[in-house]
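Undergrad: for reference, the sequence and a predicted model appear below.
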Amino acid sequence: MTNESEAAHVQECRDWQAVLAANSWAGIAWPKECHGRGATIGQARIFAQEESHFEVSSGVFMVATGMVGPTIIAHGTQAQKDYFLPRMLNGEHIWCQLFSEPGAGSDLAGLATCAVRDGDQFIVNGQKVWTSGAHFSDWAMLLVRTDSDVPKHRGITYILVDMRSPGITVRPLRQITGHAHFNEVFLTDVSIPVANVLGEINGGWGVAQTTLGNERSMIGGGGSGIGFKSLLHLARTSGCANDPIVRQELARSYTRFELLGWLSHRARARSKLGLPPGPEASVMKLAVSERVAADGDLALAIEGANGMLTSTDAPQDGMFQQMFLNQWSVRIGGGTEQIQRNVLGERVLGLPSEPRPDKTLPFKDLPHN
């Protein structure tokens with residue numbers, strides 16, 4: 001995707017999101033008092049299914065409406081809800097997530113980006129990385145450390161930051177796919193109003209869990225965009241659909257898709273009860289990670305020697321090569337497979353966690369990268 005085509009796509013998303021908002025089809029399942037339609041999760045899904053039949057997209061707003069919006073609804077002040085929610089629904093504000101750092105990826109609580117209070121402002125310095133869409137985002141949810149004298153989970157604050165603020169520098173990261181979807185973001189003496197804190201100062205870890213739970217549900221529900229029918233069509237056009245080994249792998253692929261569908265139903269049932277994302281979010285995220293890995297391998301195995309080709313030289317213009325290469329961003333983003341297994345082991349199965357002195361020592365006393 002070129003810079004020009006990406007800019008055109010972003011504008012198309014803004015335009016479509018504005019159309020949705022103007023006709024009360026944005027924030028379908030959000031409460032009316034939070035500027036939504038006040039409908040059900042099921043109705044929102046029906047609309048999404050109907051929308052998918054048309055060549056329209058508001059994909060760049062997924063972080064806003066799927067992650068930060070629900071977090072503001074759960075933890076925001078009325079002033080924050082009234083300002084931010086309408087603007088993400090009408091296409092004015094695109095959001096990104098400033099969580100991960102070079103020294104705090106899987107161990108997110110080890111983040112070192114520092115915020116020092118100066119009157120009614122926080123002065124922020126640090127670096128974030130792997131930020132999707134930062135180069136075209138208007139606002140960001142930002143995790144910062146506001147107290148180093150307490151254990152690492154208890155000194156974190158969740159702040160909403162204008163990406164056009166002086167002192168913010170965005171640098172694209174080109175991926176193995178050739179695209180630059182991710183970015184590293186540098187914050188140098190960035191001034192952010194204290195009024196932009198979401199939740200309580202030093203209470204950001206709990207707020208972040210709301211965002212992360214919604215992120216896992218979003219990734220788990222979305223998959224990788226290439227379905228089983230595409231793999232079956234590839235096998236047929238490659239002349240190996242009757243090969244018994246390929247047929248067995250296709251059967252496994254179909255099973256993975258069906259299991260993800262039922263996990264998604266389970267997550268929606270929880271949402272209908274008004275409950276926040278639970279352990280099924282981590283189960284879905286892990287299942288999606290395993291699915292994109294296995295199906296990426298299967299697609300290139302079906303292509304055989306053609307799997308060595310790329311772009312327009314490859315079958316279907318290299319769609320399956322992109323799927324194979326993109327699997328690592330899916331498997332890492334939103335929490336790695338290892339992190340999801342830890343979450344499930346400790347929080348769902350009740351297994352004892354490994355000894356972690358870093359959970360009790362002050363952050364300033366911990367070794368850092």
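TA: Yes, it's here. Computed from a predicted model, the values in this text were never measured in an experiment.
Undergrad: report all helices and strands that the helix ranked longest in the chain contacts.
TA: Secondary structure of the chain per DSSP state H: the longest helix is helix 244-272. Contact analysis of helix 244-272 by 3 or more C-beta pairs under 8 Å, 6 or more residues apart in numbering; DSSP states H and E lists helix 41-51, helix 204-222, helix 228-237, helix 279-303 as its packing neighbours. Heads up, the C-betas are built off the backbone N, CA and C, glycines and all.
Undergrad: out of these, which gets nearest to H368?
TA: Between H368 and these, the shortest separation by C-beta to C-beta is 18.1 Å, and it involves helix 204-222.
Undergrad: list the buried residues of that closest one.
TA: Residues 204-205, 207-208, 210-221 are the ones in helix 204-222 that count as buried (16 or more other C-beta atoms under 10 Å).
Undergrad: what of stretch 109-118?
TA: Buried residues in stretch 109-118 (16+ other C-beta under 10 Å): A109, G110, L111, A112, T113, A115.
Undergrad: could you do stretch 87-106 as well?
TA: In stretch 87-106, the ones that count as buried by 16+ other C-beta under 10 Å are 87-91, 93-101, 104-105.
Undergrad: with stretch 251-262 instead?
TA: Taking 16+ other C-beta under 10 Å as the criterion, stretch 251-262 shows S253, R256, L260 as buried.
Undergrad: return stretch 311-330 as PDB; C-alpha atoms alone will do.
TA: Provided in PDB are the C-alpha atoms of stretch 311-330 (Å, rounded to 0.1, in the frame of the first residue of the first chain):
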ATOM      1  CA  SER A 311       3.300 -10.200  -5.500                       C
ATOM      2  CA  THR A 312       1.800 -10.600  -8.900                       C
ATOM      3  CA  ASP A 313       4.000 -13.600  -9.800                       C
ATOM      4  CA  ALA A 314       2.400 -15.700  -7.100                       C
ATOM      5  CA  PRO A 315      -1.100 -17.300  -7.200                       C
ATOM      6  CA  GLN A 316      -3.900 -14.800  -6.400                       C
ATOM      7  CA  ASP A 317      -1.300 -11.900  -6.500                       C
ATOM      8  CA  GLY A 318       0.500 -13.200  -3.400                       C
ATOM      9  CA  MET A 319      -2.500 -13.100  -1.100                       C
ATOM     10  CA  PHE A 320      -1.400 -16.200   0.800                       C
ATOM     11  CA  GLN A 321       2.200 -15.100   1.000                       C
ATOM     12  CA  GLN A 322       1.000 -11.900   2.700                       C
ATOM     13  CA  MET A 323      -1.200 -14.100   5.100                       C
ATOM     14  CA  PHE A 324       1.900 -16.200   5.900                       C
ATOM     15  CA  LEU A 325       4.100 -13.200   6.600                       C
ATOM     16  CA  ASN A 326       1.500 -11.300   8.500                       C
ATOM     17  CA  GLN A 327       0.900 -14.100  11.000                       C
ATOM     18  CA  TRP A 328       3.600 -12.800  13.400                       C
ATOM     19  CA  SER A 329       1.900  -9.400  13.800                       C
ATOM     20  CA  VAL A 330      -1.300 -11.200  14.700                       C
END
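Undergrad: and which of the buried residues of helix 204-222 is nearest to Q338?
TA: R216 (14.2 Å).
Undergrad: my read: the closest one touches S282, true?
TA: Yes: under the criterion of C-beta atoms under 8 Å, R216 makes contact with S282 at 5.8 Å.
Undergrad: now do the shared contacts for these two.
TA: By C-beta atoms under 8 Å, 6 or more residues apart in numbering, R216 and S282 have these common neighbours: G335, Q340.
Undergrad: looking at the protein, which helix or strand is least sure?
TA: Comparing every helix and strand of the chain by mean pLDDT, DSSP states H and E singles out helix 204-222 as the least confident one, with a mean of 82.
Undergrad: going by contacts, tell me the helices and strands next to it.
TA: With contacts defined as 3+ C-beta pairs under 8 Å, 6+ apart, the packing partners of helix 204-222 are helix 69-75, strand 139-145, strand 156-162, helix 244-272, helix 279-303.
Undergrad: what's the offset of it from the middle of its chain?
TA: 8 Å (C-alpha atoms, centre = their mean, to the nearest Å).
Undergrad: that one versus helix 279-303: what angle between them?
TA: Counting by axes from the mean of the first three to the mean of the last three C-alpha atoms, to 10 degrees, helix 204-222 lies at 40 degrees to helix 279-303.
Undergrad: any idea how far N214 lies from V194?
TA: When distance is defined by C-beta to C-beta, to the nearest Å, N214 is 25 Å away from V194.
Undergrad: what's opposite K128 in the beta bridge?
TA: According to DSSP bridges, the partner residues bridging K128 are V185.
Undergrad: that one: what's it in contact with?
TA: Under the criterion of C-beta under 8 Å, 6+ apart, the neighbours of K128 are L98, F99, S100, E101, T113, L142, E184, V185, L187.
Undergrad: the last one: neighbouring residues, count only.
TA: It refers to L187. When neighbours are defined as other C-beta atoms under 10 Å, L187 has 24 of them.
Undergrad: which residues are in contact with it?
TA: Taking C-beta under 8 Å, 6+ apart as the test, what L187 contacts is T113, V124, N125, G126, Q127, K128, G167, I168.
Undergrad: now it, what's its secondary structure?
TA: Secondary structure state of L187, per DSSP: H, G, I helix; E, B strand; the rest coil, is strand.
Undergrad: distance check, the residue lying closest to V60 once chain neighbours are set aside against V63.
TA: Across the structure, with C-beta to C-beta, 6 or more residues apart in numbering as the measure, the residue nearest V60 apart from its sequence neighbours is C13 (4.5 Å). Distance of C13 to V63, given as C-beta to C-beta: 12 Å.
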